[in-house]
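Enquirer: what would the 3D arrangement of this be:
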Amino acid sequence: MRIAGSILVGVIVYLIGLFTSAMALTANTWAFSDGELNDTGIVAVLLLLLIWGLVFLRHRWPWVPFISGGLLTAGWGDALMLLIAVFHLVIRAPRRQAIAASAVAVGLVVFSTVRMCLAPAEHNPFSIFFLPDPAQVTGLEATIPPEDSHLAITIITIAAGVIGLCTAVGVGVLLRRTRRMRAVESIAERETLRNESLTAQIARQSERELLARELHDTLSHRLSVISLHTGALEVGAQTDPEVASTASALRAEARASMEDLRHLVGGVRNGSLAGSRPSEESSVPPSRATMAAIPELISSVTSTGTVVYPLVVLQDVDACPPALDRAVYRIVQEALTNAMKHAPNVPVSVNVAVSAVRGIQISVSNPLPCEPGQVDVPPRPRHAPGSALQPGVHASAHGRRLAGHRPEAQEVHLESTGSGAGLIGIRERTEMFGGEASIGAFDNEFRVQVSFRPFSAQN
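Expert: All right, here's what the predicted structure looks like:
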């Protein structure tokens, strides 16, 4: 529509320009012989057909019609093409070029107007409106207007020049200013959006600072106290190997928790928790919350006496997005924590399969309680993490909570020993990355099953 409109306007201007140039031809005596158009005049009219074709270049190359219009104004007396070119130059050209073009146009139009006013009235193109018989403009006697119309012809000539200049330059300046205001408004709108974004970033940074400070002040002290007490317990329990082993495991977990806390606080403070993995040369210790640390996580759980049957296959871990890498570790960690919390002394099966092509499959399960009437068999000692339970052995704590559950899948309620936020967190982490989670009782087992699409689909 825009191109079609521009072409239509160009055609209209072309036709009007030919008419005005034909009128201006009457001011040139060399184009007529005995009141009739001679061969030179015919050639001039044919040239006008070509010259006015330059008006279609007014948008892309306005200097071309400006030069042609200047020549027509100086030698022909027709300033329409010059005014059209000045209009487009004022709108689009740089400020200095627009001022220069306007000054040149004013000088040429004034020169052409003064020349027409000083020339005989019969050679003024506007005298055609005062002829006694306009139908006989080709007759030499008929082209002489009455003497009482000379003043009116002069006034019309001056008025036409002034109106043309004011319209071309004035409207051009107005449109140029309008475009500039629109550009300024666009820049102001972008700056406003940028300021709003910066304000939101500053607010989030303040929230992160507050959260990091609270995390550090709240947990750092408690973990330090736990580490000191477990160290003292380990030293004082040299005569009891089981207590010493448990205290050593607790102290190792407290130290690892301190490292994780420092990484968490640093990530919250600078907003880099979802960023890329730290390089090996970095002075900041890498986070333990990665899939590569899952075997270490299982070892820390077995060191507490919990029997774990792991099957971990990790492939293409380096190609996994950092946020998904951390989420998988947290899901396995929370599933193990849930099993130890609600079903102590019960063996836990952990199956983790990671592949960039097949995706990620996680399954953490532990047996459900025995049927009513069966007797729970006491579990094996906690210091034997590698041992397996005898057939029929089930945890009493977890068993009492799930004694009334059927084999089909259903949600487990943890109101008496926890808020259930861990399972909710697993579901939220899974949904965040477009995975699927199934949590509940299945075939006499409590299972946490999570699956993610291949890494390429995640990206």
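
Enquirer: now do the SS call for the nearest residue to residue 81 once chain neighbours are set aside.
Expert: Of all residues not flanking residue 81 in the chain, residue 69 sits nearest, at 3.4 Å (CB to CB, 6 or more residues apart in numbering). From N, CA and C alone the C-beta is placed, and that goes for glycine too. Assigned with DSSP: H, G, I helix; E, B strand; the rest coil, residue 69 falls in the helix class.

Enquirer: element containing residue 5, please.
Expert: Assigned by DSSP states H and E, residue 5 belongs to helix 2-24.

Enquirer: other SSEs contacting that helix?
Expert: Judged by 3 or more CB pairs under 8 Å, 6 or more residues apart in numbering; DSSP states H and E, the packing partners of helix 2-24 are helix 39-51, helix 80-92.

Enquirer: how is this structure carved up into domains?
Expert: 2-196, 286-459 (automatic domain parsing).

Enquirer: looking at these, which is nearest to residue 226?
Expert: Closest to residue 226 of the domains of the chain, according to CB to CB: domain 286-459, at 14.1 Å.

Enquirer: how much space between residue 49 and residue 42?
Expert: Remark: distance between residue 49 and residue 42 (CB to CB, to the nearest Å) = 11 Å.

Enquirer: the strands in the stretch 301-450 of the chain, which residues?
Expert: For the stretch 301-450 of the chain, the strands defined by DSSP state E, counting those that start in this stretch cover 308-314, 348-355, 359-367, 436-442, 445-452.

Enquirer: with distance to residue 93, mean pLDDT and mean neighbour count added, can I get those strands in a markdown table?
Expert: Shown next, in a markdown table, are the strands of the stretch 301-450 of the chain (distance: least, CB to CB, whole Å; pLDDT from 0 to 100; neighbours: other CB atoms under 10 Å):
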| stretch | distance to residue 93 | mean pLDDT | mean neighbour count |
| --- | --- | --- | --- |
| strand 308-314 | 65 | 92 | 15 |
| strand 348-355 | 63 | 93 | 20 |
| strand 359-367 | 60 | 93 | 21 |
| strand 436-442 | 63 | 90 | 17 |
| strand 445-452 | 59 | 92 | 21 |
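
Enquirer: out of the ones you listed, which gets nearest to residue 187?
Expert: Per CB to CB, nearest to residue 187 of the strands of the stretch 301-450 of the chain: strand 445-452, 43.8 Å.

Enquirer: quick one: secondary structure of residue 219?
Expert: helix.

Enquirer: isn't it right up against residue 264?
Expert: No - with contacts counted by CB atoms under 8 Å, residue 219 stays clear of residue 264, the gap being 9.1 Å.

Enquirer: in stretch 326-345, what's buried?
Expert: 326-329, 331-336, 338-340, 342-345 (16 or more other CB atoms under 10 Å).

Enquirer: that stretch: how far from the chain's middle?
Expert: In terms of CA atoms, centre = their mean, to the nearest Å, the centre of stretch 326-345 is found 37 Å from the chain centre.

Enquirer: over to stretch 165-175?
Expert: That offset, for stretch 165-175, works out to 39 Å (CA atoms, centre = their mean).

Enquirer: which residues of the chain fall in helices?
Expert: Taking DSSP state H to define them, one finds helices in the chain at 2-24, 39-51, 63-75, 80-92, 95-118, 150-165, 171-236, 241-270, 294-302, 322-342, 396-401, 421-432, 455-458.

Enquirer: what's the fourth one packed up against?
Expert: Secondary structure elements in contact with helix 80-92, counted by 3+ CB pairs under 8 Å, 6+ apart, are helix 2-24, helix 63-75, helix 95-118, helix 150-165, helix 171-236.
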